[in-house]
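Colleague: next come a sequence and a model predicted from it.
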Amino acid sequence: MRRRHLALTGFSIALWFGGIGSALAAQEEPAPIEAAQSRGTADERAASMVTLMTLDEKLTLLEGYFGTDFPAARFEAPAEARYGSAGYVPGIPRLGIPPQWQADAGLGVATQGGAAEKRARTALPSGLATAATWDPALARAAGAMIGAEARADGFNVMLGGSVNLMREPRNGRNFEYAGEDPLLAGTMVGAQIAGVQSNRIISTVKHFAVNDQETNRNDGNAVVEEGALRMSDLLAFQLAIERGEPGAVMCSYNRVGGTHACENPFLLTEVLREHWHFPGYVLSDWGGVHSTAASANAGLDQESGYGLQRDGWFAADKLRAALAAGEISEERIDLMAARILRSMFVHGLIDDPVSEGQPIDFPAHRAVSRQAAEAGIVLLKNERGLLPLAASASRIAVIGGHADKGVLSGGGSSQVYPEGTNAVPGIEPTSWPGPVVYYPSSPLAALEALLPNAQFQFVDGADHEAAVRAAAWADVSIVFATQWASESIDVSLTLPDAQNELIESVALANRQTVVVLETGGPVLMPWADHVPAIVEAWYPGSAGGEAIANVLTGKVNPSGHLPATFPRSLDQLPYPDEPRKGDLVYDEGAAVGYKWFDLNGHEPQFPFGHGLSYTTFALGHLAVTPEGDGLAAMLEVTNTGDRAGADVVQIYVSGKGWDAPRRLAGFAKVELQPGERKRVTVHVDPRLLATWRANRPGWTLPSGVYEVSVGHSSRDLAETVSIELPGAFLPPDWRPKR
Ligand code: BGC
């Protein structure tokens with residue numbers, strides 16, 4: 001497209017800058033267009049492009065369409081939208097500005113459920129599984145894989161970077177997110193965003209902010225004291241934005257402090273622009289806009305998903321009317337368009353346009369997904385050395401979870417459709433928020449391939465007596481327990497379909513029982529003391545069956561650690577009853593997840609940070625020194641066992657007057673050969689030592705003594721040292737030097 005404007009003359013540039021009107025320029029103006037396209041920084045290019053645009057052209061950029069037909073609203077997607085996609089924003093061919101083709105991207109290139117035929121793509125394990133790797137390099141590689149498939153499909157705006165904190169373990173979207181801790185979540189999601197964008201396309205970060213449950217998600221009002229919010233949900237976004245530099249932020253459906261997030265000046269202007277200096281654009285969640293002028297003036301730049309709702313609040317006629325009434329200024333419209341264009345320039349959408357139908361290296365991408373799944377699987381319990389499965393096990397019963405066919409995935413807009421086909425079609429719901437999709441990667445088949453001398457028996461688990469008979473026959477029984485979760489619904493923490501009873505019965509029949517969980521997030525395990533081995537495999541993605549089998553057999557040594565607390569009972573939660581409706585007053589403030597458990601002295605089933613290995617690690621020689629306004633923690637980690645493995649070294653800090661006894665302040669994943677010892681330095685961001693008080697906006701580090709611990713989980717601390725810090729105050733826009 002851009003090539004059309006290549007016939008430049010110095011004369012035409014002079015004419016343009018000499019102030020000849022736009023009508024004349026439109027006829028012979030390739031020079032300024034070319035200049036805007038190619039000269040200067042992205043900000044300069046965006047600014048000069050805006051000067052060339054008619055009002056209609058600017059408005060075109062501000063309204064996005066749903067990319068899929070939506071018969072319920074009699075909406076037909078624009079013909080130029082990519083098939084079955086989430087969104088489409090028309091381009092401006094005259095100016096060489098391509099359309100924005102949007103797809104969901106948290107776990108892979110997703111396709112809307114309504115699309116008759118599916119786009120088969122590689123699915124990563126769930127976001128929570130990737131967070132459980134505690135390995136930002138791996139998250140980046142996973143993001144790069146998604147971005148490569150997106151580019152090959154002709155998508156240039158990826159709706160990923162999902163970083164809402166797990167305040168409510170029953171949130172049906174927890175599987176898309178990265179857990180309960182702002183440092184871990186922000187680091188991992190930031191790395192994934194950077195990976196996606198390494199393909200010269202835009203990624204969002206979403207859903208801004210406090211969209212922490214699905215119940216009543218369009219209207220629920222999250223109320224969190226500002227200081228607490230800055231140290232929890234907002235800190236996760238802040239870190240993800242600093243590390244990933246996403247081109248766009250997606251504001252969420254819910255209200256925050258009484259105002260919908262997409263028309264919330266506190267979130268979109270004060271926090272995002274004034275304090276974080278976010279230079280990209282804000283787009284709405286699909287159907288998340290409720291006003292024209294209020295949204296635009298609060299900081300929303302682009303409405304998404306026109307067609308899903310009857311009215312487009314940013315439709316050209318609405319914006320024109322608001323302009324005419326003086327409710328929005330022309331400068332505001334220019335700013336909105338410029339922010340969108342800036343991100344398009346920065347992330348290569350204009351210089352390096354995408355095109356559909358490029359080849360995809362599926363085997364290589366499947367390997368990326370498998371590695372992420374393997375590194376995120378958490379060995380929760382392993383008594384009597386039951387795992388890895390002994391090569392000598394001759395009879396193995398595999399029970400339940402459709403393990404003969406595939407592995408479960410989560411539902412909703414992030415659903416990636418698998419290569420091959422849904423391994424278990426027809427499970428309800430078969431339409432939104434379904435279908436329920438099993439990826440065709442059978443753990444049973446993978447186990448059979450790895451243990452060719454063993455005899456296997458599979459029973460589906462529906463008939464408990466048949467399961468008990470199989471367990472009684474076997475040397476080892478492996479029960480696969482699943483729980484489907486999805487966007488738009490919240491879940492119970494109790495495994496459905498009498499699976500708890502199934503596990504109890506099998507455990508009674510066979511002492512050597514392993515439970516493998518495929519769940520979106522934490523579940524209650526009333527049977528935890530009755531089985532010797534428990535493995536959390538999450539939703540493990542396209543190659544999940546192989547990943548599970550590799551871990552169970554010891555081909556891969558598990559190294560995942562929990563990114564969220566697994567409670568022992570509902571009454572340990574801040575809100576034990578069902579997810580609430582209406583005002584969600586989060587009195588626990590920044591004491592989210594393990595911080596709440598520590599504050600209240602609750603003993604969880606499995607704590608945040610927990611994860612076992614087939615080898616053992618020793619931590620020691622912890623020393624701490626001030627570093628800038630933060631800290632550096634130095635320590636030694638040794639593999640004291642007889643297998644190679646990876647340890648997740650976790651640094652926790654305690655300070656005075658904090659919302660909770662300790663915070664995760666740093667971490668490192670370290671690979672070690674048997675007997676190997678490594679020195680590790682973990683850098684602690686001063687904001688993790690600080691508190692934010694609404695009466696003094698910014699990060700306050702009181703002078704005094706801080707306790708720094710190194711451990712293998714939030715409840716397994718190996719060593720603690722104290723350090724006295726002089727105290728500091730960091731302004732609201734403080735960020736680390738790069
Ligand atoms: C979800 C977003 C998603 C969008 C487009 C919404 O329902 O909340 O996460 O990006 O749909 O599919």
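Modeller: Great, that's in hand.
Colleague: give the contact list for the one residue in the stretch 301-450 of the chain that gets nearest to the ligand.
Modeller: Of all residues in the stretch 301-450 of the chain, residue 413 sits closest to the ligand, at 3.5 Å by CB to the nearest ligand atom. Placement of C-beta: from N, CA and C, glycine included. Contact partners of residue 413, counting by CB atoms under 8 Å, 6 or more residues apart in numbering, are 86, 104, 110, 112, 159, 286, 487.
Colleague: next up, identify which helix or strand it is on.
Modeller: Residue 413 is part of no helix or strand, with elements assigned from DSSP states H and E.
Colleague: sorry, back to before: so which of the contacts of residue 413 belong to strands?
Modeller: Secondary structure from DSSP state E places 104, 159 of those in strands.
Colleague: would you check that residue 202 makes contact with residue 244?
Modeller: No: Residue 202 lies out of contact with residue 244 (CB atoms under 8 Å); the separation is 11.1 Å.
Colleague: ok, now which ones touch residue 57?
Modeller: 92, 94-95.
Colleague: how is it classified with respect to secondary structure?
Modeller: Following DSSP: H, G, I helix; E, B strand; the rest coil, the label given to residue 57 is helix.
Colleague: so how many other residues sit close to residue 452?
Modeller: 7 (other CB atoms under 10 Å).
Colleague: what's the spacing between it and residue 394?
Modeller: Per CB to CB, to the nearest Å, residue 452 is found 12 Å from residue 394.
Colleague: same check on residue 266?
Modeller: For residue 266, the distance to residue 394 equals 64 Å [CB to CB].
Colleague: the two: which has the busier surroundings?
Modeller: Neighbour count, other CB under 10 Å: between residue 266 and residue 394, residue 266 has more, with 17 against 13.
Colleague: dump the residue contacts of that one.
Modeller: For residue 266, the contact set (CB under 8 Å, 6+ apart) comprises 256-257, 259.
Colleague: now, which of those residues sits nearest the ligand?
Modeller: Nearest member of the contacts of residue 266 to the ligand, counting by CB to the nearest ligand atom, is residue 256, at 15.6 Å.
Colleague: wait, that closest one sits on residue 222?
Modeller: Yes: counting by CB under 8 Å, residue 256 does reach residue 222; the two are 5.1 Å apart.
Colleague: need the overlap of contacts for those two.
Modeller: 209-210.
Colleague: residue in the stretch 551-700 of the chain nearest to the ligand?
Modeller: residue 579 (16.3 Å).
Colleague: isn't residue 713 up against residue 619?
Modeller: No: Residue 713 is beyond contact range of residue 619, at 11.6 Å (criterion: CB under 8 Å).
Colleague: residues near the nearest residue to residue 594 once chain neighbours are set aside, how many?
Modeller: Nearest residue to residue 594, sequence neighbours excluded (CB to CB, 6 or more residues apart in numbering): residue 608, at 3.6 Å. Residues near residue 608, counting by other CB under 10 Å, number 27.
Colleague: from the contacts of residue 266, which land in strands?
Modeller: Assigned to strands by DSSP E, the following of the contacts of residue 266 qualify: 256, 259.
Colleague: intersect the contacts of residue 266 with the contacts of the ligand.
Modeller: Counting by CB under 6 Å from any ligand atom, nothing from these sits close to the ligand.
Colleague: wait, which of the contacts of residue 266 is closest to residue 527?
Modeller: residue 256 (39.1 Å; CB to CB).
Colleague: which parts of this structure sit against the ligand?
Modeller: 86, 104, 159, 206, 285-286, 413.
Colleague: residue 354 contacts residue 156, doesn't it?
Modeller: Yes: in terms of CB under 8 Å, residue 354 counts as a neighbour of residue 156; the distance is 4.7 Å.
Colleague: shouldn't residue 468 be within a strand?
Modeller: No: going by three-state DSSP, the assignment for residue 468 is helix, not a strand.
Colleague: that one and residue 504 touch, don't they?
Modeller: No: contact criterion CB under 8 Å: residue 468 and residue 504 do not qualify, at 10.3 Å.
Colleague: for the residue nearest to residue 594, list the residues it contacts.
Modeller: 179-181, 562-565, 593-594, 597, 664, 713-714.
Colleague: so for residue 383, what's the nearest residue that isn't a sequence neighbour?
Modeller: Once flanking residues are discounted, residue 383 sits nearest to residue 532: 4.0 Å by CB to CB, 6+ apart.
Colleague: what is the neighbour count of that neighbour?
Modeller: Residue 532 is flanked by 19 other residues according to other CB under 10 Å.
Colleague: which residues are in contact with it?
Modeller: When contacts are counted by CB under 8 Å, 6+ apart, residue 532 touches 381-384, 386, 511-514.
Colleague: mind running it again at 7 Å?
Modeller: By CB atoms under 7 Å, 6 or more residues apart in numbering, the contact set of residue 532 is 383-384, 386, 512-513.
Colleague: are any of these buried, and which?
Modeller: Neighbour-count burial (16 or more other CB atoms under 10 Å) applied to those gives 386, 512-513.
Colleague: out of the residues of the chain next to the ligand, flag the one nearest to residue 165.
Modeller: residue 206 (12.9 Å).
Colleague: I'd guessed residue 495 sits against residue 523; true?
Modeller: Yes: here residue 495 reaches residue 523: they are 5.6 Å apart, a contact under CB atoms under 7 Å.
Colleague: name the residues contacting each of these two.
Modeller: Joint contacts of residue 495 and residue 523 (CB under 7 Å, 6+ apart) are residue 483.
Colleague: of the contacts of residue 266 - the most surrounded one?
Modeller: residue 256 (25 neighbours).
Colleague: which strand residues bridge it?
Modeller: For residue 256, the residues forming beta bridges with it (DSSP bridges) are residue 222, residue 259.
Colleague: that one touches residue 265, doesn't it?
Modeller: No: here residue 256 lies out of contact with residue 265, judged by CB under 7 Å, at a distance of 11.0 Å.
Colleague: list the contacts for the spatially closest residue to residue 407 that is not a sequence neighbour?
Modeller: Counting by CB to CB, 6+ apart, residue 407 lies nearest to residue 544, which is 3.5 Å off, once chain neighbours are set aside. Residues in contact with residue 544 (CB under 7 Å, 6+ apart) are 125, 373, 407, 439, 441, 537.
Colleague: farthest pair in those residues?
Modeller: Greatest spacing in the contacts of residue 544, by CB to CB: 439 and 537 (12.2 Å).
Colleague: and those two? Which one has more around it.
Modeller: residue 537 (32 against 29).
Colleague: per the record, what domains does this protein have?
Modeller: 10-346, 377-583, 615-730 (automatic domain parsing).
Colleague: how about the ones you listed in CSV, adding mean pLDDT and distance to residue 603?
Modeller: Below are the domains of the chain laid out as CSV (pLDDT from 0 to 100; distance: least, CB to CB, whole Å):
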stretch, mean pLDDT, distance to residue 603
domain 10-346, 92, 16
domain 377-583, 97, 6
domain 615-730, 97, 9
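Colleague: need those in CSV with distance to residue 364, can you?
Modeller: Output for the domains of the chain, formatted as CSV (distance: least, CB to CB, whole Å):
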stretch, distance to residue 364
domain 10-346, 8
domain 377-583, 12
domain 615-730, 22
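Colleague: nearest to residue 604, of these?
Modeller: Short answer: domain 377-583, nearest of the domains of the chain by CB to CB, at 4.9 Å.
Colleague: what's the distance between the closest residue to residue 442 other than its chain neighbours and residue 31?
Modeller: Excluding the flanking residues, the one nearest residue 442 by CB to CB, 6+ apart is residue 545, at 4.7 Å. Per CB to CB, residue 545 is found 58 Å from residue 31.
Colleague: among these two, which residue is more densely surrounded?
Modeller: For residue 545 versus residue 31, the count of surrounding residues by other CB under 10 Å is larger for residue 545: 29 against 21.
Colleague: I figured residue 195 hits residue 143, correct?
Modeller: Yes: assessed by CB under 7 Å, residue 195 is found in contact with residue 143 at 2.5 Å.
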